[in-house]
Structure formats: structure tokens, C-alpha cells
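> got a predicted structure here, sequence first:
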Amino acid sequence: MVFELARRYERKGLREDAAQFPAPGFFVHLDGRPVHVYRRGESGPPVIFEAGIAATSLSWRLVEDQVARFATLYSYDRAGFGWSAPSGETKVARALVEEMRRVMEAASVPVPRYVVGHSFGGMMMRMYAAMYPEEVSGVLLVDALPPEEWFPPDRERLRVLNRAVELTRRGSLLADLGVVRFALRRLERGQQKIPKILSLLAGAGGAQLTSRITGQIRKLPFAVQQQIRAHWSRASSFTTMAEYLVELPASCAQAAICADLGDKPLIVLSAEYGKPGHQGRQAKLARLSRRGDFRVVPATTHWIMLDDPDSVVEAVRDLLVC
């Protein structure tokens with residue numbers, strides 16, 4: 001009885017979210033599956049924005065208005081995230097790059113294109129430029145994931161990764177019962193106690209993860225925060241995240257063997273604050289091209305486009321005139 005009431009609460013929440021937060025962009029269909037694409041700008045060269053491993057097109061909201069003044073901006077939601085339907089396809093990087101190409105072709109995005117990627121999305125765009133150099137005019141990596149972070153994984157890395165997979169799968173079960181929705185709604189209303197208790201139910205690390213993510217999300221406009229809350233109330237978001245994490249070492253292995261970018265224009269933005277050796281790994285990414293430009297963005301964390309969106313806008317503008 002309790003479980004049925006919980007699932008009824010979750011189904012009602014899904015209907016309410018669908019009515020309150022319609023997709024801001026348009027849909028293309030891959031094998032009958034809807035994929036959400038967001039376009040801004042009426043002129044200028046095409047620039048594709050790729051989000052981080054579990055992020056969506058909403059990641060770029062703070063930079064879109066300015067970029068749309070001089071370029072045509074495209075962002076999208078990978079399958080299972082945001083407004084895009086889940087898929088049963090593998091979540092390994094090469095397959096994701098190929099799916100991105102299919103999405104952009106279906107959306108009639110002209111080539112060549114400039115590409116921008118954050119974190120895991122940066123690794124994807126680096127691979128895309130290496131695999132299809134004729135389709136890419138220039139690359140901007142925003143604190144991109146260096147493949148050596150997860151390949152080859154040592155015992156400690158595997159322990160961390162397996163724990164993260166366990167947490168996300170547990171999150172999927174809690175979301176299916178409406179528990180995540182209940183907690184996030186209380187958090188949105190400023191109630192801290194219940195969400196903290198529920199995040200602890202996810203196990204060791206759950207509370208810290210919740211705190212870190214919500215701290216970043218609060219840098220976005222409240223309306224966008226609500227949309228993100230709706231997306232992460234769904235079990236499918238957690239299930240998809242687990243699928244990405246399982247394939248993360250394989251994705252990094254694929255990136256590690258990709259060719260360099262030759263003399264392709266490349267700008268690498270690195271956060272000032274990170275783990276030991278972070279800036280060195282980011283500087284190494286800049287050496288993928290003979291025209292690589294490495295920039296440390298002061299007073300930023302991994303989410304540079306939220307901490308200092310102007311630095312991303314400036315880098316896009318510079319890339320277009322390289």
C-alpha cells in the first residue's frame with residue numbers, strides 16, 4: 001500500500017512537470033526516439049555546445065544570450081537526460097559521438113562547425129574533432145575530462161567508480177518511489193533538514209554529493225533550477241547516469257587513442273581550483289593542437305560556465321576569429 005501511494009505521488013509529479021516545464025527547443029527523432037535540441041541565434045557560424053556527463057543543455061544558460069549575438073548556438077540533451085527520451089544504446093564515448101552527429105544532421109546543423117564541450121562533453125568534442133576533422137572548424141574545451149583520469153583505472157579509482165554506480169542506482173530506486181522528488185521540492189523551498197536526512201540514506205558520500213551539486217545549480221536562474229529539479233526527480237536520469245559511469249574507463253580508453261588535432265584551432269579553459277596536477281593535465285590537452293591556447297580562468301571551479309560565463313563567451317568569440 002505504501003509503495004503504491006509513493007509511486008502514485010511520483011506519477012502525478014511527472015505529469016505536473018511535463019505541463020509546467022515544456023521543452024524550450026524542438027525535437028528530432030532517432031529510430032523513433034525524441035531528442036531535444038535547443039537553438040539560439042539567427043546568424044553567424046554554427047557552434048555546438050556539449051554538456052558534462054550527467055548535465056543537459058541547461059548547463060549553458062548563462063552564456064547563451066551573449067553567444068547568440070555573434071553565432072548560431074546549438075545545444076541538446078543526450079538520451080535519458082533533460083527532455084530527451086532514454087535509449088538502450090551503449091553509453092561509451094565513440095557511440096555518443098556518433099549519436100551526436102546524427103542529432104546534428106537531423107537538426108540540419110551545417111558543417112563545418114565550431115564545438116564547445118564541458119568535462120565529459122569536452123572529451124567527446126575532442127574525439128569528434130579527431131575523428132571527423134573536416135566537420136570541425138575549431139574546438140573549445142571547458143575544463144574537459146583528461147582520459148588519464150579514468151584510464152587505466154587503479155584499484156582506488158575502481159572503488160570510487162563502483163561506489164558511484166551503486167549510489168546512482170540507489171538514487172533510481174528512490175526516485176521511482178518519489179523520495180527524490182519529495183526531497184528536492186523541500187530543498188527548493190529552503191527546507192534543509194529533510195533533504196539532508198534523505199541524502200544520507202543514499203549512503204556514504206550521498207550528502208556531500210547533494211551539497212556540491214545544489215551549490216552549483218543555485219548559480220543558475222531560479223526557473224532553470226526548477227527545470228533541473230524536475231529532471232533529477234526522475235528515475236531515468238539516475239539510471240542513465242549509472243550507464244555512463246559503468247562505461248567511463250572504456251570511454252577514456254577510446255579518447256586516449258584518438259589522434260591529435262593537428263593545427264586545428266583549440267582553446268582550453270582550466271579552472272583555477274582543482275585537484276593536485278589539474279592544471280598540468282589541462283595544459284596537456286592544449287598541446288593536442290599546434291594552435292592550442294591554454295587559459296586558466298581565475299577564481300573558478302570545474303563549472304567555469306557558471307562561475308565565470310564571460311570567460312566562456314570570450315573564448316568562443318576568440319575561437320571564431322582564429
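Looks like it came in fine.
> show me what contacts the closest residue to Val246 other than its chain neighbours?
Distances taken as CB to CB, 6 or more residues apart in numbering place Val165 nearest to Val246, at 6.0 Å, with adjacent residues excluded. (Glycine included, C-beta is placed from N, CA and C.) Residues in contact with Val165 (CB atoms under 8 Å, 6 or more residues apart in numbering) are Ala242, Leu245, Val246.
> what stretches of the stretch 1-150 of the chain score poorly on pLDDT?
Scanning the stretch 1-150 of the chain with the threshold set as pLDDT under 70 gives 1-2.
> against Ala164, how distant is Ala79?
20 Å (CB to CB, to the nearest Å).
> of those two, who's got more company?
The neighbour comparison of Ala79 against Ala164 (other CB atoms under 10 Å) goes to Ala79, with 24 against 18.
> which residue packs closest to that one, ignoring adjacent ones?
Ser87 (3.9 Å).
> circling back: by neighbours, which of the contacts of Val165 wins?
Going by other CB under 10 Å, Leu245 tops the contacts of Val165 with 24 neighbours.
> just checking, what packs against the helix or strand hosting that residue?
In this assignment (DSSP states H and E), Leu245 forms part of helix 235-246. Identification of packing neighbours for helix 235-246 by 3 or more CB pairs under 8 Å, 6 or more residues apart in numbering; DSSP states H and E yields helix 155-176.
> for the helix it packs on, which positions count as buried?
Buried residues in helix 155-176, counted by 16 or more other CB atoms under 10 Å: Leu161, Ala164, Val165, Leu167, Thr168, Arg169, Arg170, Gly171, Ser172, Leu174, Ala175, Asp176.
> ditto for stretch 20-31
Buried residues in stretch 20-31 (16+ other CB under 10 Å): Phe21, Ala23, Gly25, Phe27, Val28, Leu30.
> again with stretch 76-92
Under the neighbour-count criterion of 16+ other CB under 10 Å, stretch 76-92 has 76-87, 89, 91-92 buried.
> over to stretch 315-322?
Within stretch 315-322, the residues that qualify as buried are Ala315, Val316, Leu319, Leu320, counting by 16+ other CB under 10 Å.
> how close does the third one get to Val297?
If you measure Leu319 against Val297 using CB to CB, the figure is 15 Å.
> ok, now the second one?
Applying CB to CB, the value for Val316 to Val297 is 13 Å.
> the buried residues of stretch 20-31 in strands, which ones?
Phe27, Val28, Leu30 (DSSP state E).
> could you pull up the residues touching the last one?
Residues in contact with Leu30 (CB under 8 Å, 6+ apart) are Ser87, Glu99, Arg102, Val103, Ala106.
> and the spatially most central residue of the chain, what element?
By CA atoms, centre = their mean, the mean C-alpha position of the chain lies nearest to Gly52, the distance being 2.3 Å. Gly52 belongs to no helix or strand when elements are defined using DSSP H and E.
> I'd say it and Ser119 touch.
Yes: counting by CB atoms under 8 Å, Gly52 does reach Ser119; the two are 3.7 Å apart.
> any idea where the strands of the protein begin and end?
Going by DSSP E, the chain shows strands at 26-30, 33-40, 46-50, 72-76, 113-118, 136-142, 266-271, 292-297.
> okay, now the domains of the chain?
Structural domains assigned to the chain are 2-8+153-246, 25-150+248-320, following automatic domain parsing.
> all set, thanks.
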